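In: sequence and computational prediction follow.
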Amino acid sequence: MPMYHDGNRELQALFGSTALADRLVERLRRSEFTDDDKAFIESLDCFFLATATPIGQPDCSFKGGPPGFIRVLEPDLLIWPDYDGNGMFKSLGNIAVNPSVGLLFIRMGETPKRLRANGRAIVSLDDPLKTDFPGAQAIIRFTPVDIFPNCPRYIPDPAAAKPSPYIPKQDTPPVEPRWKSMDMFSDVVPPRKA
């Protein structure tokens, strides 16, 4: 399945980023979690989950727990527990009727990092792994289709109470992220539009 649809391609063409978008897929996109992905994901105490209804109405949810509550069991299998919530079952209900989901993993602070994973999920109510997670109502099993890192430049450092230095400021030239000058991308980064 291609990573980009017509809407993505039209905007890439408009902003001159088609070559960059293609290079990012060529160099960074994968369909299995790496050992580095596993270590990063399992170190986190939260992530964001995007689901959608059968007719495509989106829903985004924060999921939290102790570090290690999200586990990469195999390169193509990630799990997390569903804990007691508000009883609406928006995320799980959406997964039950539309298994396409998006996961966003973020580390804030001095060394920010961001990883996205899109794929398919199922809700497992009688999963034997529930015993590993006290209080879990279900286990969600996720199979990735597209895994890719995202530039972390806009991630704040809450502990330092400092916003990201990359946030645009009036009358100040923008700070460019290091990755734009890396050999693998520098030849396809489009010029900044005023």
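Out: Happy to help now that I have it. Keep in mind it's a predicted model, so treat the numbers as computed, not measured.
In: rest of the way, CA atoms for contacts and neighbours
Out: Fine.
In: any idea how far the nearest residue to residue 17 once chain neighbours are set aside lies from residue 152?
Out: Among residues not flanking residue 17 along the chain, residue 190 sits closest, at 5.7 Å (Cα to Cα, 6 or more residues apart in numbering). Distance, residue 190 to residue 152, using Cα to Cα, to the nearest Å: 19 Å.
In: neighbour count winner among these two?
Out: residue 152 (18 against 14; other Cα atoms under 10 Å).
In: hang on, the earlier thing: the residue nearest to residue 17 reaches residue 20, doesn't it?
Out: Yes. Between residue 190 and residue 20 there is a contact at 7.5 Å, judged by Cα atoms under 8 Å.
In: for the residue of the chain most remote from its centre, which three-state class applies?
Out: Most distant from the centre of the chain: residue 171, at 32.0 Å, with distances by Cα atoms, centre = their mean. Secondary structure, DSSP: H, G, I helix; E, B strand; the rest coil: residue 171 is coil.
In: did I read that right, residue 54 in a strand?
Out: No. Using three-state DSSP, the secondary structure at residue 54 is coil, not a strand.
In: buried residues of the helix or strand of the chain with the lowest mean pLDDT, list them for me.
Out: Least confident helix or strand, the chain: helix 183-186 with a mean of 88, by mean pLDDT, DSSP states H and E. Using 16 or more other Cα atoms under 10 Å as the test for burial, helix 183-186 gives residue 185.
In: that helix - contacts with which helices or strands?
Out: Contact here means 3 or more Cα pairs under 8 Å, 6 or more residues apart in numbering; DSSP states H and E; on that basis helix 183-186 packs against helix 18-28.
In: and the next element down the chain from the helix it packs on?
Out: Downstream of helix 18-28, the first helix or strand assigned by DSSP states H and E is helix 35-43.
In: give the other helices and strands that that following helix contacts.
Out: strand 71-74.
In: now the strand it packs on: how far from the chain's centre is it?
Out: Relative to its chain's centre, strand 71-74 lies at 16 Å (Cα atoms, centre = their mean, to the nearest Å).
In: do stretch 8-26 as well
Out: 19 Å.
In: ok, residue 121 - contacts?
Out: 95, 99, 100, 101, 140, 141, 142, 143 (Cα atoms under 8 Å, 6 or more residues apart in numbering).
In: what's the distance between the second one and residue 135?
Out: Translated: residue 99. Distance from residue 99 to residue 135, by Cα to Cα: 24 Å.
In: got it, and the third one?
Out: Residue 100 sits 25 Å away from residue 135, taking Cα to Cα as the criterion.
In: between these two, who's got more neighbours?
Out: Shown here are residue 100 and residue 135; by other Cα under 10 Å, residue 100 has more neighbours (21 against 12).
In: flag the shaky bits of this protein, pLDDT-wise.
Out: Within the chain, the stretches with pLDDT under 70 are 1, 167-168, 192-194.
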